[in-house]
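A.B. asks: structure, please.
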Amino acid sequence: MRKSEYTIGITGHRRLPPDSLSEITEEVRKFYQKLAAEHGVSNITVLSSVAEGADTLCAKLALDEGFRLTVPMPMPAMEYRKDFSESASAEYDKLLSLADEVFVVPPDESPPENPSRGFWYKNAGLYIVKHCDVLLAVWDGVEKDAPDGAGTWETVKVAQQKNKPLIVIKV
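C.D. replies: This is a model prediction of the structure:
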């Protein structure tokens, strides 16, 4: 029996090694195709903040598969855009226009007096983990905490602590 809705959360590195990009792409496609066969294409939503790198790649591939895209952003679009290269900005705009839903994640906790950008990124990662059925991490496997708690490892760690199913595609 198929579940009516299935949500894939995305986390991953912003810089993907160019020499591994085709292999990473193929692994993500295989994972998506497996879930589409299990749950039906129309029942799958991908949660991706569409940051450069893994988030963008996984969002584009999700749309190619016919999945719905929901974009939980760490901050308002114009502010978030400051973190994108010029070449990535057009892709960012395109993905936002193709998404079924785009919104700024409200913080789980009260922000500190002068929150870093990382505080907002961390909240987006927490939202994704909380609202997905499985977390797809395009990650190098290095368990190193970022100073502001906003890295791929921190999102993976939260998923592990919450016993969230986790699929890792190594970069």
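
A.B. asks: the strand or helix carrying V138 packs against which elements?
C.D. replies: For V138, the host element (DSSP states H and E) is strand 134-139. Strand 134-139 makes packing contacts with strand 6-12, helix 21-39, helix 54-65, helix 152-161, strand 166-170 when contacts are defined by 3 or more C-beta pairs under 8 Å, 6 or more residues apart in numbering; DSSP states H and E. The C-beta positions use only the backbone N, C-alpha and C, and glycine is treated the same way.

A.B. asks: assign a three-state SS to the spatially closest residue to P107 that is not a sequence neighbour, would you?
C.D. replies: Nearest residue to P107 in three dimensions, chain neighbours excluded: N123, at 4.8 Å (C-beta to C-beta, 6 or more residues apart in numbering). Three-state assignment for N123 (DSSP: H, G, I helix; E, B strand; the rest coil): helix.

A.B. asks: so who does N123 touch?
C.D. replies: The contact partners of N123, by C-beta atoms under 8 Å, 6 or more residues apart in numbering, come to P74, V105, P106, P107, D108.

A.B. asks: my guess is the second one contacts T70. True?
C.D. replies: I take that to be V105. No: taking contacts as C-beta atoms under 8 Å, V105 lies outside contact range of T70: 11.1 Å.

A.B. asks: now the helices and strands packed on strand 134-139 as a markdown table including distance to V138, mean neighbour count and mean pLDDT?
C.D. replies: As requested, the helices and strands packed on strand 134-139 are exported to a markdown table (distance: least, C-beta to C-beta, whole Å; neighbours: other C-beta atoms under 10 Å; pLDDT from 0 to 100):
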| stretch | distance to V138 | mean neighbour count | mean pLDDT |
| --- | --- | --- | --- |
| strand 6-12 | 3 | 25 | 98 |
| helix 21-39 | 6 | 15 | 97 |
| helix 54-65 | 4 | 21 | 98 |
| helix 152-161 | 8 | 19 | 97 |
| strand 166-170 | 5 | 16 | 97 |
